[in-house]
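Enquirer: Sequence and predicted structure are below.
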There are 2 protein chains.
Amino acid sequence: MAKKVKDILEMSKHPVVNGSLWLESGDKRFFGPGPVELLERIAETGSIRQAAKEMQMSYKKAWELINNLNAHTTSPVVIPQTGGEKGGGSIVTPEALELIQYHRELRKRFKAFLEKETKNLSY
Amino acid sequence: MAKKVKDILEMSKHPVVNGSLWLESGDKRFFGPGPVELLERIAETGSIRQAAKEMQMSYKKAWELINNLNAHTTSPVVIPQTGGEKGGGSIVTPEALELIQYHRELRKRFKAFLEKETKNLSY
DNA sequence: AATCGTTATTTCTTTAAAAATATAACGATA
DNA sequence: TATCGTTATATTTTTAAAGAAATAACGATT
């Protein structure tokens, strides 16, 4: 009888099945953990720059993520305003909030999958 | 009523849920797509160097992957022989083949998960 | 002992990604 | 119209990862 995985792996090191999820189209990722957190923080702060700063992300990268995300939605999920009383800012649309919620649920299902597979290592 | 994801995403670009899976312990990955393919090729060729070459992977990286993998198993899954009639070579143990098989099945389950989630985007 | 191609390892170089920097445009407000 | 902090964008610099190259050790075979 062939050995089982748990007899091959060094179980004392507590190996786990882990992974990453994202939305892509044409091999290009446009919605993963990064953009999600960014959206959340833009919603809070009203500013791409400030949100990026909180995440220790460069403004440039943040802007690219948002721009890329907007390119994959029927209407922009982040609406920037340049100039204005405080120099400008950005608001996230209700659709963005919907995407965030979707991703939370997706992540929950993925987490369940990973935990199931991790448990499965032991049998 | 809140919009659904399919109404927010630009569905004409055919977005899909995709992801990556691996085994890790202590935040360090030791078994993902790379090592799996490498093991398969070492099994075929009997040589780390040749296997790496086939994958356009540097020998150094291949060796690191294998070394790292061996460090997470109860006994080495790749046994190198330095020197010998053809200069040496490496053989993969039955346990390695078992790991490969495990990963194939894991990947199958993950694929099903991803496809289900991708379909789910449309509803 | 000479040969072979591999393993094992270090060092150097290249490349790519990320980050930092700089600057123009913007428009509500005072 | 002067100010503000932001968006938008290009350019430069830094950093990290990957790759290339070089070298010693190895041992069965001849």
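Expert: Yep, it's here. Residues are numbered from 1 along each chain as shown, chains lettered A, B, ... in the order given.

Enquirer: Could you name the helices and strands sitting against the strand or helix carrying residue A:38?
Expert: Here residue A:38, judged by DSSP states H and E, is contained in helix A:33-45. Counting by 3 or more C-beta pairs under 8 Å, 6 or more residues apart in numbering or on different chains; DSSP states H and E, the packing neighbours recorded for helix A:33-45 are helix A:48-54, helix A:59-70, strand A:88-92, helix A:94-120. Using the backbone N, CA and C atoms, a C-beta is placed for each residue, glycine as well.

Enquirer: Show me which residues of it are buried.
Expert: A:35, A:36, A:37, A:38, A:39, A:40, A:41, A:42, A:43, A:45 (16 or more other C-beta atoms under 10 Å in any protein chain shown).

Enquirer: What lies in contact with it?
Expert: Applying C-beta atoms under 8 Å, 6 or more residues apart in numbering or on different chains, the contact partners of helix A:33-45 are A:20, A:22, A:48, A:50-52, A:54-55, A:57, A:62, A:65-66, A:69, A:77-78, A:90, A:92, A:96-97, A:99-100, A:103.

Enquirer: are any of these buried, and which?
Expert: A:22, A:48, A:50-52, A:57, A:62, A:65-66, A:69, A:77-78, A:90, A:92, A:96, A:99-100, A:103.

Enquirer: near DNA strand D, which residues of chain A show up?
Expert: For chain A, the contact set with DNA strand D under C-beta under 7 Å from any atom of the strand comprises A:47-50, A:59-60, A:63, A:67, A:80-84, A:86-90.

Enquirer: So which of those residues reach DNA strand C?
Expert: A:59, A:60, A:82, A:83, A:84, A:87, A:88.

Enquirer: do you know how far the first one is from chain B?
Expert: By that I understand residue A:59. According to C-beta to the nearest C-beta, to the nearest Å, residue A:59 and chain B sit 25 Å apart.

Enquirer: For that residue, give me its contacts.
Expert: A:48, A:49, A:52, A:53.

Enquirer: which among the residues you listed gets closest to residue A:5?
Expert: residue A:52 (41.5 Å; C-beta to C-beta).

Enquirer: Skipping adjacent residues, who's closest to the closest one in space?
Expert: Nearest residue to residue A:52 in three dimensions, chain neighbours excluded: residue A:62, at 3.7 Å (C-beta to C-beta, 6 or more residues apart in numbering or on different chains).

Enquirer: Is residue A:30 in a helix, a strand, or coil?
Expert: strand (DSSP: H, G, I helix; E, B strand; the rest coil).

Enquirer: Not counting residues beside it along the chain, what's closest to it?
Expert: That would be residue A:72: by C-beta to C-beta, 6+ apart, it lies 4.6 Å from residue A:30.

Enquirer: who's in contact with the one you found?
Expert: If you count contacts by C-beta under 8 Å, 6+ apart, then residue A:72 has A:23, A:25, A:30, A:31, B:9, B:10, B:13, B:15 around it.
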